[in-house]
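> Need the 3D shape of this:
(one chain, ligands or ions: 1)
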Amino acid sequence: MSKATLAREAVKLVKPGMVVGLGSGTTAREFIKALAEARIDGVVLVPTSVDSEILAQEVGLGNALRPMWAVDHVDLAVDGADEVTRDKLILKGRGGALLREKIVDYAAEMFVVLIEEHKLVERIPMASPVPIEVVPWAWRFVARRIEREFGGSARLRTGEGKLGPVVTDNGNYIVDWTPPGPLDASAEDRLKAVPGVVETGIFSKRRDAVVLVARRDGTILSF
Ligand SMILES: O=C[C@H](O)[C@H](O)[C@H](O)COP(=O)(O)O
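Okay, here's the model as predicted:
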């Protein structure tokens with residue numbers, strides 16, 4: 001229910017003709033459904049995962065869908081997150097959709113993050129590991145190098161419903177890294193500098209994001 005409330009709030013920001021980035025995950029799915037109900041004229045939609053693309057198609061938004069290469073800007077991106085701090089360090093990627101999400105969310109003029117209150121944390125990571133999308137051919141080398149350079153433990157993500165590694169929408173693997181302690185904003189660039197790392201779930205460069213939090217008491221906090 002709270003995810004649907006957040007989604008309806010975010011839909012109010014969508015104006016006719018806008019190019020809108022569709023995030024991924026259960027919260028973003030609510031946004032996609034609410035957007036379909038709103039029937040806003042002329043919007044162009046850029047999905048950040050196959051999952052979001054399929055849902056958008058199923059709820060009648062198929063004609064509006066475009067790949068990222070077919071647009072020259074994104075007005076608004078609406079996405080969920082796994083953990084968010086008060087100063088807007090954002091951790092994403094529990095569903096493995098982080099790479100396309102980061103391209104779209106970082107490109108957007110306005111980035112709106114929808115979370116429930118338990119995801120508002122003091123520091124990242126709190127309860128989730130840090131997802132890191134890696135080149136499959138190098139995955140073990142990259143995982144060991146991250147452990148050596150930064151400490152903690154890095155594990156290949158394996159899936160349910162399929163034997164072996166989870167393969168992302170971009171054909172890569174995910175390594176889930178549990179660092180030895182809290183991370184600051186520099187972690188995004190430091191991890192990215194490891195050859196073989198394609199992208200990380202640390203979103204530290206959108207401090208201007210608008211975060212909408214569904215509180216336990218039913219109200220919405222915005223910061
Ligand atoms: O890869 C998954 C995405 O980053 C999601 O946006 C994130 O995991 C939050 O998903 P949910 O809204 O299902 O908690």
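
> Mind pulling up the pLDDT for the residue of the chain positioned farthest from its centre?
Largest separation from the mean C-alpha position in the chain: Arg148, at 26.8 Å (Cα atoms, centre = their mean). Confidence at Arg148, expressed as pLDDT, is 98.

> same question, Ala107
Reading off the model, Ala107 has pLDDT 98.

> Kindly report the same for the one 4 residues further on.
We have a pLDDT of 99 for Phe111.

> Let me know whether it touches Arg206 as I believe.
Yes - the pair Phe111 and Arg206 passes the contact test of Cβ atoms under 8 Å, sitting 5.0 Å apart. For every residue, glycine as well, the C-beta is placed using N, CA and C.

> Could I get the contacting residues of the nearest residue to Gly151 once chain neighbours are set aside?
Leaving aside its sequence neighbours, Gly151 sits nearest to Pro180 (Cβ to Cβ, 6 or more residues apart in numbering; 3.9 Å). Residues near Pro180 by Cβ atoms under 8 Å, 6 or more residues apart in numbering: 150-152.

> Highest neighbour count among the residues you listed?
Per-residue neighbour counts (other Cβ atoms under 10 Å) across the contacts of Pro180 peak at Phe150, which has 17 neighbours.

> how near is that residue to Thr219?
38 Å (Cβ to Cβ, to the nearest Å).

> which bits of the protein sit near the ligand?
Residues of the chain found near the ligand (Cβ under 6 Å from any ligand atom) are 23-28, 79-82, 92-98, 101.

> Of those, which belong to helices?
26-28, 98, 101 (DSSP state H).

> If any of those are buried, put those into a PyMOL selection.
A single PyMOL command is used to select the members of these judged buried by 16 or more other Cβ atoms under 10 Å:
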select buried, resi 27+28+98+101
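
> ok, back up a step: give me the phi and psi angles of the residue nearest to Gly151.
phi -70, psi -20 (degrees, to the nearest 10).

> check contacts around Val167.
Contacts of Val167 (Cβ under 8 Å, 6+ apart): 136, 173.

> if you set the cut-off to 7 Å instead, what comes out?
By Cβ atoms under 7 Å, 6 or more residues apart in numbering, the residues touching Val167 are Tyr173.
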